[in-house]
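J.: the amino acid sequence is not available; the structure is as follows:
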């Protein structure tokens, strides 16, 4: 079963036009990734101690009460919130919070991340995400304290 899942993840990764996970230091620190279906961006602003997650796609997200992220892999996890917002004519879904430990763990230690709201799901392959996520965490830790 694990071999089939790994083969499927590799197939999805090669079937989609995908860009590498990228970390950009600064204020804010940024972690980004794009697939043929959507782009994901995480930021951390140490001056306000605020993390953001924004997922943008070509079509609008449904206006639902709940947003969830499912991480499939060795440290699988499912998290959710009702504190998300839509912007960019409904094409961007964003969440902001003072802590993103579960999100960063999910991205760094699993095979895929799936954004879910209503019946809409967008999956991101996490191959190559571990080192950029670790750099994103280190950037946060190295910022001057308030």
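T.: Perfect, I can see it now. On a predicted model such as this, the values are computed, not experimentally measured, just so you know.

J.: bridging residues for the residue most central in space within the chain?
T.: The residue lying closest to the centre of the chain (C-alpha atoms, centre = their mean) is residue 40, at 5.4 Å. Beta bridges link residue 40 to residue 33, residue 55, judged by DSSP bridges.

J.: next: residue 68.
T.: residue 80, residue 116.

J.: C-terminal to the one helix or strand in the chain whose mean pLDDT sits lowest, what's the next element?
T.: When each helix and strand of the chain is scored by mean pLDDT, DSSP states H and E, helix 2-15 comes last, with a mean of 43. Per DSSP states H and E, the first helix or strand lying C-terminal to helix 2-15 is strand 22-24.

J.: same for that following strand, what does it pack against?
T.: Here strand 22-24 touches strand 29-34, helix 130-142, going by 3 or more C-beta pairs under 8 Å, 6 or more residues apart in numbering; DSSP states H and E. To be clear about C-beta, it is placed using only N, CA and C from the backbone, and glycine gets the same treatment.

J.: and if we set it to 10 Å?
T.: Applying 3 or more C-beta pairs under 10 Å, 6 or more residues apart in numbering; DSSP states H and E, we find strand 22-24 packed against strand 29-34, strand 38-45, helix 130-142.

J.: quick one: closest of the ones you listed to residue 97.
T.: Nearest to residue 97 among the helices and strands packed on strand 22-24 is strand 38-45 (10.6 Å), distances taken as C-beta to C-beta.

J.: the inter-axis angle of the closest one versus helix 130-142?
T.: Here strand 38-45 runs at an angle of 20 degrees relative to helix 130-142 (axes from the mean of the first three to the mean of the last three C-alpha atoms, to 10 degrees).

J.: wait, residue 76 sits on residue 70?
T.: Yes - the pair residue 76 / residue 70 is scored as a contact, 7.8 Å apart, by C-beta atoms under 10 Å.

J.: what do those two both touch?
T.: 106, 110, 112 (C-beta atoms under 10 Å, 6 or more residues apart in numbering).
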